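Enquirer: Fold the following.
(2 chains)
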Amino acid sequence: MDYGLAGRVAVVSGGSRGIGRAIAAALVREGASVVVTARTPASLDETAAALGALAPGRVEAVPADMTDPEQVRRVVDVAREWFGPVGIAVSNVIGHVIDAGKEGSGPGAGTFASMPAGEYRREFDHLLVAAWALADAVIPDMRDQRWGRICNIGSGVAREPATHLPHVLPNAVRPAVAGMYRMLAARLRDDGITVNNLLTGSILTERNRAYWRWLAEDRGSTVEEVTAGFTAGIPLRRFGEPEEMAAVVAFLCSRQAGRITGQSIPVVGGGSAHL
Amino acid sequence: MDLGITGRSAYVVGRDSGLGRACAGVLAAEGVTLADSPVGCDIVVSHGDRRSPGALLGPDALGDLTAAWDAVVRTVEDYRTGLPGMVSRRWGRLVWIGSARARAMDADDDEIGAVVSLAMMGLHKVVTAEEGAHAVTANAVLRGGSATDEDVAHTVAFLCSTGAGYLSGVTLTVDGGAGSAMF
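Expert: Next up, the predicted model:
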């Protein structure tokens, strides 16, 4: 199926690894020009080179901290200068890690009783401001084109807080991000712009693997036991691949999905209890 | 109806005016003592500022959103301050008053109030899971339509009552039927 994305210009944040990289690759394969951003220049350059090999001249990389609205605006300006007005934006930013010294300790790890109130301000900057800033920066281009696709890579906890794991910050802040995009969808529906949330948490990424190692150490068990516990709770009995997130994003960005907006779509292997 | 909270103590944010005063008044009428700090309180009632409704797009959006988030940080602080006493007495009520837009997100008024309330609703699920065993409940009252401060205050008082002890992590919408969301 031709998704009609040839010639479109996309910005993908968190694009150097995992889900973001898979999304960038999928959009490139559908004919879009893609600017990938991430904080770490080294991995970003490697990703841009790999994706650029798929489509010479249609991939660029811009190192940026997407929690800073000024840097977000610069990324969008650069994308416009290189490729033209931006039509697709994928916000893929993870929450802040409390104990950076512990590899993979997971975003926002802590209980309500243990988490200082000030950390909710930092989480706000990471999740809400980043998602808001990218949408705010691309909406003028999209309004001019009367066409736009905005996606947020969120977490399943946005609709069903995961209270069995001590991650109070994403449990509190992810629902607010999803709601914000839902409300933006309502505001933008007459402009040809769709805004959707993808909700996950069970995708095989480097970050998740590091998280499982940390969790195993924390629980005094093995990685195999930890992952077996997770997959037992997933109806499809397996984790998802980054390409399976990318496939959903590519569809939501397609010409054919123009009437799908304001949705929060769980990509969790059936592990969503919400009707 | 005897709400069963005579002799309990409550910290109500902004009890000198408007919504806070209405909540404090209804609780006081039920025999609740009002305190100037959450320390040692059985009940904490919090809410954001009722300024003009905030919009997500426009030149002031990020500033408004950032300012509105202060209410989340402050409420977390107040909840956490009150929590140890509630746990030791095995009785506690945490109540957030927010915007009905948090459940019916198709209207374009008070979008920022809705964003903030969604964070509090997520937080309440965590508090419920982690502290429910200590008989501490955390619930939200979502205000919409033309609900008055008194309408909201009576619902807040109900959630603080002994009879509401099996409600936690839930929201009660007080909007006179204005909302379109079914669930």
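
Enquirer: Would stretch A:241-260 count as contacting chain B?
Expert: No. Residues of stretch A:241-260 are not located near chain B by Cβ under 8 Å from any Cβ of the partner chain, the shortest gap being 15.4 Å. Heads up, the C-betas are built off the backbone N, CA and C, glycines and all.

Enquirer: same question for that stretch, mean pLDDT?
Expert: Averaged across stretch A:241-260, pLDDT comes to 95.

Enquirer: Checking A:Arg122 next. Helix, strand or coil?
Expert: Recorded secondary structure, A:Arg122: helix (DSSP: H, G, I helix; E, B strand; the rest coil).

Enquirer: With A:Met180 instead?
Expert: Local secondary structure at A:Met180 is given as helix here, using three-state DSSP.

Enquirer: What number of residues are in the vicinity of it?
Expert: The number of residues packed near A:Met180 is 26, by other Cβ atoms under 10 Å in any protein chain shown.

Enquirer: which residues in the chain form helices?
Expert: Assuming you mean chain A. Taking DSSP state H to define them, one finds helices in chain A at A:18-29, A:41-54, A:69-83, A:118-123, A:130-145, A:168-188, A:206-219, A:223-232, A:242-253.

Enquirer: hm, I was asking about chain B
Expert: Remark: helices assigned in chain B by DSSP H are B:18-29, B:61-89, B:111-131, B:149-160.

Enquirer: Contact partners for A:Val177?
Expert: Counting by Cβ atoms under 8 Å, 6 or more residues apart in numbering or on different chains, A:Val177 touches A:127-128, A:131, A:152, A:154, A:158, A:197.

Enquirer: could these go into JSON lines alongside pLDDT and distance to chain B?
Expert: Putting the contacts of A:Val177 into JSON lines (pLDDT from 0 to 100; distance: Cβ to the nearest Cβ, whole Å) gives the following:
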{"residue": "A:Leu127", "pLDDT": "94", "distance to chain B": "10"}
{"residue": "A:Leu128", "pLDDT": "96", "distance to chain B": "7"}
{"residue": "A:Ala131", "pLDDT": "97", "distance to chain B": "10"}
{"residue": "A:Asn152", "pLDDT": "97", "distance to chain B": "13"}
{"residue": "A:Gly154", "pLDDT": "94", "distance to chain B": "12"}
{"residue": "A:Ala158", "pLDDT": "90", "distance to chain B": "8"}
{"residue": "A:Asn197", "pLDDT": "96", "distance to chain B": "12"}
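
Enquirer: mind listing what the residue lying closest to B:Gly14 once chain neighbours are set aside touches?
Expert: Leaving aside its sequence neighbours, B:Gly14 sits nearest to B:Gly20 (Cβ to Cβ, 6 or more residues apart in numbering or on different chains; 3.4 Å). Counting by Cβ under 8 Å, 6+ apart, B:Gly20 touches B:12-14, B:45, B:47.

Enquirer: make it 10 Å
Expert: B:12-14, B:45-47, B:50, B:97, B:149, B:153 (Cβ atoms under 10 Å, 6 or more residues apart in numbering or on different chains).

Enquirer: ok, so of those, who is nearest B:Ala164?
Expert: Distance to B:Ala164, by Cβ to Cβ, is smallest for B:Val45 among these, at 13.4 Å.

Enquirer: ok, now how distant is the closest one from chain A?
Expert: Distance of B:Val45 to chain A, given as Cβ to the nearest Cβ, to the nearest Å: 17 Å.

Enquirer: Return the set of residues that bridge with that residue.
Expert: B:Val12, B:Val95 (DSSP bridges).

Enquirer: So what's the residue count around A:Ala130?
Expert: Neighbours of A:Ala130 using other Cβ under 10 Å come to 26.

Enquirer: Counting neighbours, what do you get for the closest residue to A:Pro235 other than its chain neighbours?
Expert: Nearest residue to A:Pro235, sequence neighbours excluded (Cβ to Cβ, 6+ apart): A:Gly270, at 3.4 Å. By other Cβ under 10 Å, the residues close to A:Gly270 number 9.

Enquirer: Let me see the contact set for A:Gly270.
Expert: A:234-237.

Enquirer: For B:Asp49, see how far away the residue in chain B sticking out farthest from the centre is.
Expert: Of all residues in chain B, B:Pro59 sits farthest from the chain's C-alpha centroid, using Cα atoms, centre = their mean; the distance is 29.0 Å. Distance, B:Pro59 to B:Asp49, by Cβ to Cβ, to the nearest Å: 20 Å.

Enquirer: do the same with B:Val174
Expert: Distance, B:Val174 to B:Asp49, by Cβ to Cβ: 19 Å.

Enquirer: Then A:Val267?
Expert: According to Cβ to Cβ, A:Val267 stands 37 Å off from B:Asp49.

Enquirer: Counting neighbours, go ahead and name the busier of these two.
Expert: Per other Cβ under 10 Å, whichever of A:Val267 and B:Asp49 has more neighbours is A:Val267, with 20 against 15.

Enquirer: got a pLDDT number for that one?
Expert: Listed pLDDT for A:Val267 reads 93.

Enquirer: Quick check: the residue of the stretch 51-200 of chain A nearest chain B.
Expert: For the stretch 51-200 of chain A and chain B, the shortest gap (Cβ to the nearest Cβ) falls at A:Thr163, measuring 3.3 Å.

Enquirer: From the centre of chain B outward, give me the first residue you hit.
Expert: Central residue of chain B (Cα atoms, centre = their mean): B:Trp96, 1.3 Å from the mean position.
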